[in-house]
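Asks: what shape does this take:
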Amino acid sequence: MSSLRVVGKPKKRVDALEKVLGKAVYAGDIDRENMLVGKIFRSKYPHALIKSIDKSKALAIPGVRAVLTAADIKKRY
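Replies: As a prediction, this is how the structure comes out:
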């Protein structure tokens, strides 16, 4: 007899029918007026040392509100 209440027990999937019928709404499907969208740009060189990043071209694109790099993120450790 197991003392676990969830692990190894069957669980009804309440979203299964919507997913199977293609009617499920995912975060990527949501589009709101004035909604901000984030994109991640990764280096094509996985082990490269990035010496500097010039944000000016990205900031010049109409609609771009911000460009964040690792230097903009506060470290918590």
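
Asks: quick one: secondary structure of residue 68?
Replies: Secondary structure, DSSP: H, G, I helix; E, B strand; the rest coil: residue 68 is coil.

Asks: quick one: contacts for it?
Replies: Residues near residue 68 by C-beta atoms under 8 Å, 6 or more residues apart in numbering: none. Bear in mind the C-beta positions are built from the backbone N, C-alpha and C, glycine included.

Asks: any stretches of this protein with poor pLDDT?
Replies: 1-2 (pLDDT under 70).

Asks: where along it do the helices fall?
Replies: For the chain, applying DSSP state H gives helices covering 16-20, 56-59.

Asks: nearest to residue 9, of these?
Replies: helix 16-20 (16.7 Å; C-beta to C-beta).

Asks: residue 67 touches residue 55, doesn't it?
Replies: Yes. Taking contacts as C-beta atoms under 8 Å, residue 67 lies within contact range of residue 55: 4.3 Å.

Asks: who has more neighbours, these two?
Replies: Ranked by neighbour count (other C-beta atoms under 10 Å), residue 67 and residue 55 place residue 67 first, with 16 against 13.
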